[in-house]
Every structure is written in structure tokens, then in C-alpha cells.
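Enquirer: give me a 3D structure for the following:
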Amino acid sequence: MGTDYFKELPNNWEIKKFGDVAKITCGVAATPEYVDASIGIPFFSARNVQNGRLDLNYFQYISVELHKKLTKNTKPERGDILLTRVGAGIGEAAVVNIDFEFSVYVSLTLIKCSKKIESEFIKLLLNTNYYRYLATRDQFAGGGVQNLNVQMVKDYPIPVPPLLEQKKIAQILSTWDQAISATEQLIKNSQEQKKALMQQLLTGKKRLLDENGVNFSEEWNEYSLGNLGNTFTGLTGKTKDDFGSGVPYITYMNIFKNSRIDINQVDYVVVKEDENQNSVRYGDIFFTTSSETADEVGMSSVLLEEVERLYLNSFCFGFRLNNFKVLLPQFAAYILRSSNIRKQISILGQGATRYNLSKNQLMKLILRLPTIAEQKKIAEVLFTADQEIEILQKKLECLKQKKKALMQQLLTGKKRVKVAA
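Expert: Reported below is the predicted structural model:
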């Protein structure tokens, strides 16, 4: 939705200034000595508005006396709208759907809609690209904190359909929100189940059946990572002019985010035929060498596809197995991301403001491994779990895209809804 948003609206839709159809006020400030993390009246801030909903996972508190003072003139209630004024999510809106008392911090705008407009309809409008654009359009472009002031919000032009049509539009789109929320919950449940399954399978607490239908019973053996292969470096001697075209290379974030390399998410670099650069191949394992926290240092990813010519970025290093007789690459993708191994690797990270990983230290990492046959079975089970999560994630993305397209039609009047006479 761009500047064409208000063109060709239906005849019975009006354009109003937001301040003419809603009471819009700024939240209030409270100095730190009046705020407590555990007791009192909830004190909502911008962090409590996430993805168009109230997030009640965390909030601070203020005293009852201060709450009464702050809400003497404007008390937040069910049906009000909270709009963020600062931060990366500036201009994001959520409808209050709770009944307990709370105060609103200065990082939020409190909106009380008149009887002419439906809160859920307005929330949907405010979360479209057009209004998010308005929220950031006039912000300070330097190093200061972005701040959406109340007058800007009051000046928003708002299309106002008949009230019954507003309610119908909000009702239709809410069914899509319910489907999206249900799918998000399914993804969360599947991820938790996979996490528990990894904890059981990758420590030997749960044993699978072999090809004969009998539980694996062979002892697991310990190996140092350095005895299983050798390290190699990423790209060297490159300048910024070399990047943007040429042959593909694996990026830092591809390794950081994925337990297995996504070869569709690569960047490009110029590598001449006579250059001495290390190319990568199936089964190679990659590690990030630094991060801002110890918990994120040494994240690993495995290349599980055959490639012709592919390189590695400069800020990671590779590890090539001597053979696949002790450690399967498919199993390595899971064992190196397991909680037990991640704890060991995070301890190896050294630094203060940024943590770095020594290759020599990482090679001392001890892996407790089952037989290749059992590794294969474990990897198959966990890969199936990954596929189920991926299917749900694709379904979620599809739902979001369809809802977005429907919003574009409904909120501009291009597609009309039937309402009772």
C-alpha cells in the first residue's frame, strides 16, 4: 500500500483525520526508582506490542499510588489501541484485549476510538505498509532515537467505511489471524518436540530400532574432532571490489542460521582460475569463528549437497572429514548443534566485547558417537522432524501472503463485503 491508498474509495467511505475520530494521547514517563520488576501495577512499554498483538511475556510494574496518578485523566481499557512510538517496530499497533489494570509508558501512544470506528479495523490499517511508512517518514535520520509524536498520529488520514462494514472486514481478517496463530503454535510445538527428541537420541538415552527391528545396543565411542579430519580456511586476499559477481560462496549467516547449508542462499565473488583458494565439497563442516556472545560462537553447518564450484567466506573455517566411516555428515549436522556440544563449544569462546574461537581448541572437542548404522537412523528421524517443521513454515508463509493480499483489497474498498441490512 503506497500513496495510491486513498484513490477510488467507495462512495460511502469517508476520509477523516485520525485525531477527529479518536482520542490520542502519549504514554507517561516514570523514573527508574519508581519502576519495579516484580510487584505492583503492570507498566506496558513498546516491547509489549509485537507482531500486531499484545505480548505479555514480560513487563515491569509501578506502585498502585503512581498508577492512580498516571491514569487519573486517561485510563487504558479493553478495546483501546497501543501504538509504538520508538524503536525498530515504530508505528506497530495492537488492540488491548485484557481486563486487568495497567499503565502506559512514554514509548507507547494510547488511542481510544470513537463510536464511529472499530478498534480492530483501525489496528489492521495502522499495521499496513502505508501507515508504517508514515510512522517513519519524518523521523530524524541521524544518530538520535526515532520518536513518533502524538500530533503526527493525529494528522494521519484514515478511510472510514460504514461501521458495520468495518466490523465485517475485521471479522474476516481475524479468521486469518486465528489460522496464522494456530500454525505458529504448531511450529512451536514441533520445534519443542524435535528439541526433546534430539536430547534423547543424541545422548543415547533413547535407542532406535535397527534394520532387524531390534534396539541398537552397541557402545558409543569417544573421538576428538581433530582425529576425524582437518581444517581449511575460507577466502583470502579479497577486496570489496571482488564481491557481487562471479562464483558462489557460502556466507557467514548461511552457516550461523542453518544446520545444513542452503545452497540457494549464497553470495558471489570473483575467483580467477589461477588463484589458490579452497573450494568446498559434499560433507564439509563449517564453523563461525566469532560472535558477540559466547553462546553463539562456533555455530556449525554441514554441506549435504553435491556442488561443482563453491567457496567459503573469510570469517569462517571449514573442516573436512578423513572419511565417512566414523562420523556421517548427516549426523554431524545434528550432533554439533546439540545442547551438550554447544555448551562445550561456548566455553571455548574467548573475548570480552566479542568472542573468538580457536581452531586448535575446537579440534580438542570430544564427540561421543554411535555406530554409522545408528547415526544414519538418528539422522533420518531428525530429518523427518525438520521436514514437518518446514512444511508448517511454508504453510504459515502462504497464510500470511494470502492475508496480506486480502487486506490490500478489503482495506481500500476494492473488494466489498456483504453486511446485514
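Enquirer: pretty sure residue 187 is touching residue 389, no?
Expert: Yes. Using CB atoms under 8 Å, residue 187 is in contact with residue 389, at 6.2 Å. Every C-beta, even on glycine, is put in place using the N, C-alpha and C of the backbone.
Enquirer: phi first, then psi, for residue 229.
Expert: Dihedral pair for residue 229: phi 180, psi -160, per degrees, to the nearest 10.
Enquirer: excluding chain neighbours, give the residue nearest to it in space.
Expert: Spatial nearest neighbour of residue 229, excluding adjacent residues (CB to CB, 6 or more residues apart in numbering): residue 321 at 4.2 Å.
Enquirer: neighbours of that neighbour, how many?
Expert: 19 (other CB atoms under 10 Å).
Enquirer: ok, now residue 53?
Expert: Residues near residue 53, counting by other CB under 10 Å: 16.
Enquirer: next one: residue 118
Expert: 23.
Enquirer: now it: phi and psi?
Expert: phi -90, psi 130.
Enquirer: and for residue 393?
Expert: phi -70, psi -40.
Enquirer: does it touch residue 187 like I think?
Expert: Yes. With contact defined as CB under 8 Å, residue 393 and residue 187 form a contacting pair (6.2 Å).
Enquirer: among the two, which residue is more densely surrounded?
Expert: Neighbours were counted for residue 393 and for residue 187 using other CB under 10 Å; residue 187 has more, 18 against 14.
Enquirer: show me the helices in the stretch 251-400 of the chain, by range?
Expert: 252-257, 329-335, 339-348, 359-362, 372-410 (DSSP state H, counting those that start in this stretch).
Enquirer: highest average neighbour count across those?
Expert: helix 329-335 (a mean of 23; mean count of other CB atoms under 10 Å).
Enquirer: which elements pack onto it?
Expert: strand 300-302, strand 366-369, helix 372-410 (3 or more CB pairs under 8 Å, 6 or more residues apart in numbering; DSSP states H and E).
Enquirer: any chance of TSV for the ones you listed, columns mean pLDDT?
Expert: What follows is the helices and strands packed on helix 329-335, written out as TSV (pLDDT from 0 to 100):
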stretch	mean pLDDT
strand 300-302	97
strand 366-369	96
helix 372-410	96
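Enquirer: closest to residue 74 out of those?
Expert: helix 372-410 (29.7 Å; CB to CB).
Enquirer: centre of the chain versus that closest one, how much separation?
Expert: 15 Å (CA atoms, centre = their mean, to the nearest Å).
Enquirer: contacting residues for residue 258?
Expert: residue 301 (CB atoms under 8 Å, 6 or more residues apart in numbering).
Enquirer: distance check, it against residue 209.
Expert: Per CB to CB, to the nearest Å, residue 258 is found 29 Å from residue 209.
Enquirer: circling back: and of the helices of the stretch 251-400 of the chain, who's closest to residue 168?
Expert: helix 372-410 (9.0 Å).
Enquirer: against which helices or strands is that closest one packed?
Expert: helix 163-201, helix 329-335.
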